[in-house]
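J.: no sequence on hand, only this structure:
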């Protein structure tokens, strides 16, 4: 395939869910990468490409409007978006923005030099999904479309982390998981937009609870190392009561309690560390403490109850098998 054919192929792949005109000064020597993951009606796109321009005109909207939202998280490079008649915004790495296929736009991308490469690149991950999936009326989102939001804080950070995580795990996801994950990511988008609108009451209860569950789990995972992590701390971080935390968590996890899930996550992290040859010099006690279980007796007892072996027995067995293999 020639360089020009590569550009045409990449443009066709983009156009399957993001119908727009595309040009690039690098079209005659075009080197791009794309990963596409179908999550039920939601499409995840991960792409790396040279600087390019994308635009959608009013005529294109009149000819065909699939009524789709396009959400993009910029990982590297820069973007300038002209959206509607009077809005221009510039985005940098870590910024997130969303547009609707019913509105014209003109998006220009600017590359940056990434590690190990001399050419200019734009790196981004995003999702496309039918507007009908979002449990918020479109007219309420008009002022949010085309604006940039930092993906480093609040619900927006949770959404950004989830998008990046989906891309990293794309090769390991099973077909049965994909539609459920598509629903989760739309719930997170709804939670983020609702927060921006300060209209949480407009979000359906089930979607709000699912998004809350994702936020709670992410918070716990980030703080597993802290032995002082407690239910009141988790509840306070999410501005809810401990009783509501219990209720939401058990409803969304088929009866498993917060404490049981947190213990299981800690033990699983420790079990992984015990099988890591690079950490074979770390004491059993230090491994447990690393994941928020500072008392050696508590760690040993919980580990044996979960896996049927003591931590030292599990480490010896795993490292011996690795050495023998």
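T.: That came through, no problem. The model shown is predicted, which means the values in this text are computed figures rather than measured ones.

J.: just the pLDDT for residue 111.
T.: Predicted confidence (pLDDT) for residue 111: 78.

J.: please tell me how far the residue nearest to it when sequence neighbours are not counted sits from residue 291.
T.: Leaving out its chain neighbours, the residue that sits closest to residue 111 by CB to CB, 6 or more residues apart in numbering is residue 120, at 2.8 Å. C-beta: built from backbone N, CA, C; applies to glycine. From residue 120 across to residue 291, the span is 41 Å (CB to CB, to the nearest Å).

J.: the two: which is more packed in?
T.: residue 291 (21 against 17; other CB atoms under 10 Å).

J.: wait, that one sits on residue 225?
T.: Yes: in this structure residue 291 lies within contact range of residue 225 using CB atoms under 8 Å: 6.3 Å.

J.: between those two, what contacts are shared?
T.: Residues touching both residue 291 and residue 225 (CB atoms under 8 Å, 6 or more residues apart in numbering): there are none.

J.: ok, residue 39 - how many residues close by?
T.: 22.

J.: over to the one 3 residues further on?
T.: When neighbours are defined as other CB under 10 Å, residue 42 has 25 of them.

J.: nearest spatial neighbour of it, chain-adjacent residues omitted?
T.: Leaving aside its chain neighbours, residue 42 sits nearest to residue 182 (3.6 Å; criterion: CB to CB, 6+ apart).

J.: same question, residue 241
T.: residue 235 (6.0 Å).

J.: so that neighbour, which of the three states?
T.: Three-state assignment for residue 235 (DSSP: H, G, I helix; E, B strand; the rest coil): helix.

J.: what segments of the stretch 201-325 of the chain are helices?
T.: Assigned by DSSP state H, counting those that start in this stretch, the helices in the stretch 201-325 of the chain fall at 205-222, 231-237, 242-252, 258-274, 284-290, 296-307, 311-324.

J.: contacts for the first one?
T.: In this case it means helix 205-222. By CB under 8 Å, 6+ apart, the list of residues contacting helix 205-222 from outside reads 135, 155, 158, 161-162, 183-184, 187-188, 190-191, 194, 200, 229, 234, 237-238, 240, 245, 248-249, 251-253, 258, 261-262, 265.

J.: please apply the same query to the fourth one.
T.: Outside of helix 258-274, the residues within contact range by CB under 8 Å, 6+ apart are 216-217, 220-221, 224, 229, 231, 234, 245-246, 249, 253, 279, 282, 284, 287-288, 290-293, 299, 302-303, 306-307, 311, 314-315, 318.

J.: likewise for the second one?
T.: Contacts to helix 231-237, defined as CB under 8 Å, 6+ apart, come from residues 216, 219-220, 241-242, 244-246, 258-259.

J.: before we move on, the earlier item: report the separation between the residue nearest to residue 241 and residue 55.
T.: Remark: distance between residue 235 and residue 55 (CB to CB) = 47 Å.

J.: and residue 224, by the same measure?
T.: Counting by CB to CB - residue 224 and residue 55 are separated by 46 Å.

J.: and for residue 286?
T.: For residue 286, the distance to residue 55 equals 56 Å [CB to CB].
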